[in-house]
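Undergrad: could you look at this predicted model? Sequence included:
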Amino acid sequence: MTKGMQGRFLLLYGSQTGQAKAIAEEIYENAPHHGLQPEIHCLSMTDKKFSLEKEACMVMVVSTTGDGEPPETATKFWRRLKKKTLPGDHLAHLNYAILGLGDSNYNNFCRNPKNFEQRFEELGAKQFYPSGFADDAVGLEVVVEPWIDGLWPVLRKQLGLSNNECTSNGVMEPSENKSITQSTGDDSDSGTDVDNPYGHRKSHQDVEKRTSPDVKIQTEAATRTISNDNRTKPTTLNNDTKNDKADANQTSTDSGTSPLTQDSLRTNQSEGETVVDSTQDPSLTCSVPPLSESGLTLPLLSPAYLEVQFHKDLVMSPDQLTLQGSASYPSAQSDVSMATIVSATKLTRDDAVKTALDLELDISDAPIDYQPGDAFSIICPNPSTEVDLLIQRLGLSEQADSVFSLQLIANTKKRRATIPDYIPKTCTVRHVLTHCCDIRTPMKKAVLRMLVEHTENAREKRRLQELCSKQGINDYGAFIREGCVSILDVLIAFPSCNPPLGRLLEHLPRLLPRPYSISSSPLVDPKRLHFVFNIIEFPHSHGRAMARQGVCTGWLNHKTQPIQQQVSTDVKGQDVEMNMAALSISEKSKVLIFARTNTHFRLPEDPSTPIIMIGPGTGVAPFIGFLEHREMQLNKVAENGDDTIKFAPSWLFFGCRHKERDFLYRHKLEHFVKTGVLSRLHVSFSRDATNGTIAPKYVQDNLRLHSTDVLDLLLEKKAILYVCGDAKNMARNVNETLLELIGKHTGKGAYDATLILAKLREEKRYREDIWT
């Protein structure tokens, strides 16, 4: 693209899981409708495809990963940007805007884009539009949508374009104080709002002049309030049907999915309609005023670009299909290899709220050289029952195992259209929906917008429009994002919606591997690896058509059902798993794994450094590996009679609901205390009766009880603090408790306490391995 082209700007993205890339591509697709011509590149292409030293205007969309670090695709760019030899006016010619993605459940919310912002300022670059910091904890769209809407007029002004000029399409650009209206992405169908339900058009100041035939103005009949006598029920598998009361505890027919029968699927498809009723509460399929009576502004309809071609003469076995097209996996530090599940131990009682499983893997054939605290990923499939239902719902049952290939549609209006690299060149419907695409992820608005165009029923069409509109942002959050509503859930709820396979493959994201913390030490056995997880349960609810388990945890639970054993103890107090000698090779399950990059969540190299470990629930996993490692080191020192190596104190704060139901690794931990490997073990049980006594309920309660010793270790003896587990509540509460305790201990205010804690993080003495 010519640098001097009118309306040209550089659009960069840095993405770990694909969200920043998708948002950048949305900006790229929308830009021509505002008379703008972006040149888009991944940050990894620095000095190959772009150079900031030659740019005058740049927009960046970048995410945060790890402990406030840049995504892998941005590390080289960041490393060059922060060179100390760069002068203070190095980027004085550059005007920039940043949209950052993060998660406020983590303490370093949007730390990476904020670092970019600070560094650009240090190098003399000028910010022409305020930075946006989108929060995945509440929904990225809450910040992303208005930020992009506000970007267009400011960007046009920055590039010297009038906000009253027309684009090459002849589309009238809105002035700065007007809303951006929906466009289909087709030159002949540009620009309309979905107006009020009665079809009255707004003036040209509110909407673009030309009406897209793809976005129908809803008639009164399509949106009127339905009387109590005649209204039909929303299309969900409601509590009145025999299949709806799915027992979350029943044995599943597949990995973590309660079965939904073919008959119930047909019944609900034929009977359901979306209700617009002011007497009801809103739901996935039910709309109420004021939204049901509001004009709607829809997102851009992405042009179709994938064409599915079936090859009736070709036959392929599953073994012939490549794993996600041999595309590389994010955060992979090793090649993908096969591991064997050799034991599965249930660590919780049957009456525990959650079921925790400890799995042992034989990694003899895997090129994994791990340390305690490291993590690895498991490549898992989607549940076959959900895949089968989705195939049936798409009307592809007869073609489920037929070979197809993907091609780009000739003359597609999609810019930079490419075939996803994680879909094999030749594939089957069953394979692509089982192994390549994530069919569980909550529907993005762009997917809902596409579904609108393939929905026949007027009421269903209107409801889908509402869910993807700006006006429906609250309903989208409540009934799609927070409800974890999948593509299958939506298609069951809206039976007149029948999207083609190609359109789904354009929008469904890649099925990503699931990461797990290792809970063992290679000093015990370098060819064996342990990890622990809770089986995630999603109950049936309005919007979710069936009860289900987590994609990977449900799959692992299903695979290991024949070998699962309850934890027990021998006379030494060690955990004892079942004797696997009786199992034949054919009975042992295989899983695909790879090592993940990690350098920060490890034991200190110097064993004389004290460690404080905080890990309630399954957050204790890496600390079991730490303690096993320390035990082996201590035994070796004792055997060699080496008095020069000193081991500092090690503390563990553990918590769970009930002492007798879900105290994970209880006997191992008690053994570590008895042998002196663990100096102090402080436990808390949040749901056990205290019989009138004051007992700690959470790990932060024990931190307060032992604050003097903890702060002495942390501030005076330079201990390393490790926190592992839930980010949303536990990690945040621990952080706040430490701020409180540091303030009291030092006599300083909240600001100074924050600085002390920040310094601990900077010195890598406050380390976290947390998740949401």
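TA: Cool, the structure landed. Keep in mind the model is a prediction, meaning the values are calculated, not measured. Residues are numbered from 1 along each chain as shown.
Undergrad: which residue ranges of the stretch 551-700 of the chain form helices?
TA: Per DSSP state H, counting those that start in this stretch, the stretch 551-700 of the chain carries helices over the ranges 551-560, 621-640, 659-662, 666-674, 699-705.
Undergrad: tell me which of these sits nearest to Leu306.
TA: Nearest to Leu306 among the helices of the stretch 551-700 of the chain is helix 551-560 (24.0 Å), distances taken as CB to CB. Where you see a C-beta, it was placed from the backbone N, CA and C, and this is true even at glycine.
Undergrad: list the contacts of that closest one.
TA: 252, 254-257, 341, 344, 355, 357, 359, 378, 380-383, 440, 511, 514, 533-536, 548-549, 589, 591 (CB atoms under 8 Å, 6 or more residues apart in numbering).
Undergrad: what do you get if the cut-off is 7 Å, keeping everything else the same?
TA: Contacting residues not belonging to helix 551-560 are listed as 252, 254-256, 341, 344, 357, 359, 378, 380-383, 440, 514, 533-536, 548-549, 589 [CB atoms under 7 Å, 6 or more residues apart in numbering].
Undergrad: helices or strands up against the helix or strand hosting Ala753?
TA: For Ala753, the enclosing helix or strand under DSSP states H and E is helix 750-762. Secondary-structure packing of helix 750-762 (3 or more CB pairs under 7 Å, 6 or more residues apart in numbering; DSSP states H and E): helix 732-746.
Undergrad: show me what the helix it packs on is packed up against.
TA: Where contact means 3+ CB pairs under 7 Å, 6+ apart, helix 732-746 is packed against helix 699-705, helix 707-711, helix 750-762.
Undergrad: tell me how many other residues crowd the closest residue to Ser331 other than its chain neighbours.
TA: Counting by CB to CB, 6 or more residues apart in numbering, Arg596 is the residue found nearest to Ser331 once chain neighbours are left out, at 4.9 Å. If you count neighbours by other CB atoms under 10 Å, Arg596 ends up with 22.
Undergrad: ok, Ile148 next?
TA: For Ile148, the neighbour count with other CB under 10 Å is 19.
Undergrad: switch to numbering from 711
TA: With 711 as the first residue, the last one maps to Ile858.
Undergrad: picking that back up, between the helix holding Ala1463 and helix 1442-1456, how big is the angle?
TA: Calculated by axes from the mean of the first three to the mean of the last three CA atoms, to 10 degrees, helix 1460-1472 forms an angle of 110 degrees with helix 1442-1456.
Undergrad: for helix 1460-1472, buried residues please.
TA: Within helix 1460-1472, the residues that qualify as buried are Ala1463, Ile1466, Leu1467, Leu1470, Arg1471, counting by 16 or more other CB atoms under 10 Å.
Undergrad: swap in stretch 1085-1104?
TA: Of the residues in stretch 1085-1104, 1085-1101, 1103-1104 count as buried by neighbour count, 16+ other CB under 10 Å.
Undergrad: so which residues make contact with stretch 1305-1315?
TA: With contact meaning CB under 7 Å, 6+ apart, stretch 1305-1315 is reached by 777, 1041, 1043-1044, 1078, 1080-1087, 1225, 1321, 1332, 1336, 1339, 1430, 1432, 1474, 1477, 1479.
Undergrad: now stretch 1418-1429
TA: By CB under 7 Å, 6+ apart, stretch 1418-1429 touches Thr1319, Pro1320, Ile1321, Ile1322, Pro1359, Leu1413, Leu1431, Leu1451, Ile1452, His1455, Arg1475.
Undergrad: could you list the low-confidence segments of the chain?
TA: 711-714, 874-989, 1278-1298, 1309 (pLDDT under 70).
Undergrad: quick check, central residue of it?
TA: When the chain is reduced to its mean C-alpha position, the nearest residue by CA atoms, centre = their mean turns out to be Thr727, at 7.8 Å.
Undergrad: do you know how far it is from Asp1148?
TA: Thr727 sits 10 Å away from Asp1148, going by CB to CB, to the nearest Å.
Undergrad: tell me, what's touching the two both at once?
TA: Taking CB under 7 Å, 6+ apart as the criterion, Thr727 and Asp1148 both touch Leu1222.
Undergrad: helix or strand: which one has Asn740?
TA: In this assignment (DSSP H and E), Asn740 forms part of helix 729-740.
Undergrad: what's the angle from the helix or strand just after that helix to helix 729-740?
TA: Heading C-terminal from helix 729-740, the first helix or strand you meet, by DSSP H and E, is strand 747-752. Computed by the same axes, to 10 degrees, the angle separating strand 747-752 from helix 729-740 equals 160 degrees.
Undergrad: okay, buried residues for stretch 1313-1320 please.
TA: Within stretch 1313-1320, the residues scored as buried using 16+ other CB under 10 Å are Leu1313, Pro1317, Thr1319, Pro1320.
Undergrad: no wait, stretch 1344-1357
TA: Quick answer for stretch 1344-1357 (16+ other CB under 10 Å): Leu1344, Val1347, Phe1357.
Undergrad: then stretch 1131-1141?
TA: Applying a neighbour-count criterion of 16+ other CB under 10 Å, one finds Tyr1132, Ile1133, Pro1134, Thr1136, Cys1137, Thr1138, Val1139, Arg1140, His1141 buried in stretch 1131-1141.
Undergrad: kindly report the same for stretch 1438-1446.
TA: Going by neighbour count (16+ other CB under 10 Å), the buried part of stretch 1438-1446 is Met1440, Ala1441, Arg1442, Asn1443, Val1444, Asn1445.
Undergrad: and the buried residues of helix 1460-1472, which is closest to Ser1112?
TA: In terms of CB to CB, no member of those lies closer to Ser1112 than Arg1471, at 54.0 Å.
Undergrad: where's the residue nearest to Arg1442 when sequence neighbours are not counted relative to Phe838, distance?
TA: Excluding its sequence neighbours, the residue lying closest to Arg1442 (CB to CB, 6+ apart) is Asn815, at 6.9 Å. Asn815 sits 31 Å away from Phe838, taking CB to CB as the criterion.
Undergrad: among the buried residues of stretch 1085-1104, which are in strands?
TA: Here DSSP state E is the test, and the buried residues of stretch 1085-1104 give Ala1085, Phe1086, Ser1087, Ile1088, Ile1089 as lying in strands.
Undergrad: hey, what's the first one bridged with?
TA: Here Ala1085 sits in beta bridges with Ser1227, going by DSSP bridges.
Undergrad: OK, contacts around it?
TA: Contacts of Ala1085 were listed using CB under 7 Å, 6+ apart, and they are Pro1225, Tyr1226, Ser1227, Ile1228, Arg1306, Asn1308.
Undergrad: what about it, distance to Leu1057?
TA: According to CB to CB, Ala1085 and Leu1057 sit 19 Å apart.
Undergrad: now the lengthiest strand in the chain, how far from the chain's geometric center?
TA: In terms of residue count, the longest strand belonging to the chain (DSSP E) is strand 1047-1056. How far strand 1047-1056 lies from its chain's middle: 25 Å, per CA atoms, centre = their mean, to the nearest Å.
Undergrad: quick one: strands adjacent to that strand?
TA: Sheet pairing of strand 1047-1056 (DSSP bridges) gives strand 1066-1072 (antiparallel), strand 1274-1276 (parallel), strand 1300-1305 (antiparallel).
Undergrad: CSV for those strands, including distance to Gly1005 and mean neighbour count?
TA: Output for the strands paired with strand 1047-1056, formatted as CSV (distance: least, CB to CB, whole Å; neighbours: other CB atoms under 10 Å):
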stretch, distance to Gly1005, mean neighbour count
strand 1066-1072, 50, 22
strand 1274-1276, 55, 14
strand 1300-1305, 50, 19
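Undergrad: how about these, which one is nearest Gln1117?
TA: The nearest among the strands paired with strand 1047-1056, by CB to CB, is strand 1300-1305 at 28.9 Å.
Undergrad: can I get the closest one in CSV? Just the C-alpha atoms.
TA: Written as CSV, here are the backbone C-alpha positions of strand 1300-1305 (Å, rounded to 0.1, in the frame of the first residue of the first chain):
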residue,chain,number,x,y,z
LYS,A,1300,-3.6,-41.8,25.4
VAL,A,1301,-3.5,-38.0,25.3
LEU,A,1302,-1.7,-35.5,23.2
ILE,A,1303,0.4,-33.0,25.2
PHE,A,1304,3.1,-30.4,24.9
ALA,A,1305,5.2,-28.4,27.3
